[in-house]
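Student: Provided below for reference: sequence and predicted model.
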Amino acid sequence: MEKREIDFDPEKLQALADKLSQHFWQDKLQIPVVWNGRLTRAMGRFVFRQQGKKREPLKIEMSKYAAQFVDREIFIAVLLHEMCHYHLFIQNKPYQDHHPVFEQELRRVGAISTNTVKLPTKVYKLTCQHCKKSLGMMKRFNPDRYRSGCCQAPIQREEDWMGSFQYDGRILKNSKVRIILS
């Protein structure tokens, strides 16, 4: 799987988010946008706290993992998706995925819809070191703790990628997203 080199400068990420917020909502973003190195199943998320009826937006997190596989335009579309959650949240409008109001806002700004992009997953191919029999694949595996069932030999672990980066091609066709940061 091919990864790209990304500049994970938090100030550049915040500057991009502020520029997008000003462009599409004519409003300053009041929360930080940060990188999250542990976010691997989602490309981004809007984090808020709710206690009783009191709601407070906290931050938007963007996946360092996902940023390595997607191009800049799709990354911006994902960031816009999370910003749609935020802006609808602070306006007390429906901000949940798949809600018609939320989906309409996504279309307005050219953001990516939920589950439109699929990311690859790292897996390990396991083989018996003695007879070379395939023992399957696992997402997590420590070969030092186990022996093969066939020969009781050590197990060899080889990194592989399951799936590939895909999207359905419908996003950003007529989008206004053409912002270039210097």
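Tutor: Perfect, I can see it now.

Student: I'd say L106 and H81 touch.
Tutor: Yes. The criterion here is Cβ atoms under 8 Å, and L106 meets it with H81 at 6.3 Å. The way it works is simple: take the backbone N, C-alpha and C, and place the C-beta from them, glycine included.

Student: overlap of the contact sets of these two?
Tutor: Common neighbours of L106 and H81, using Cβ atoms under 8 Å, 6 or more residues apart in numbering, are I112, S113.

Student: for the chain, which helix is longest?
Tutor: helix 72-90 (DSSP state H).

Student: continuing past it, what's the next helix or strand?
Tutor: Later in the chain than helix 72-90, the nearest helix or strand by DSSP states H and E is helix 100-109.

Student: then that following helix to PDB, C-alphas only?
Tutor: What follows is helix 100-109, C-alpha atoms only, in PDB (Å, rounded to 0.1, in the frame of the first residue of the first chain):
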ATOM      1  CA  PRO A 100     -31.800  15.300   5.500                       C
ATOM      2  CA  VAL A 101     -30.800  18.700   6.900                       C
ATOM      3  CA  PHE A 102     -27.200  17.400   7.400                       C
ATOM      4  CA  GLU A 103     -27.000  15.800   4.000                       C
ATOM      5  CA  GLN A 104     -28.300  19.000   2.400                       C
ATOM      6  CA  GLU A 105     -25.500  21.000   4.100                       C
ATOM      7  CA  LEU A 106     -23.000  18.500   2.900                       C
ATOM      8  CA  ARG A 107     -24.200  19.000  -0.700                       C
ATOM      9  CA  ARG A 108     -24.200  22.800  -0.300                       C
ATOM     10  CA  VAL A 109     -20.500  22.900   0.600                       C
END
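
Student: helices along the chain, start to end?
Tutor: Assigned helices in the chain, in chain order: 10-25, 64-67, 72-90, 100-109 (criterion: DSSP H).

Student: what helices or strands is the first one leaning on?
Tutor: Judged by 3 or more Cβ pairs under 8 Å, 6 or more residues apart in numbering; DSSP states H and E, helix 10-25 is in contact with strand 33-36, helix 72-90.

Student: mind putting the ones you listed in CSV, distance to Y146, mean neighbour count and mean pLDDT included?
Tutor: Shown next, in CSV, are the helices and strands packed on helix 10-25 (distance: least, Cβ to Cβ, whole Å; neighbours: other Cβ atoms under 10 Å; pLDDT from 0 to 100):
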stretch, distance to Y146, mean neighbour count, mean pLDDT
strand 33-36, 31, 18, 96
helix 72-90, 38, 22, 91
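
Student: just put the ones you listed in TSV and tack on distance to R140.
Tutor: Formatted as TSV, the helices and strands packed on helix 10-25 follow (distance: least, Cβ to Cβ, whole Å):
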stretch	distance to R140
strand 33-36	20
helix 72-90	26
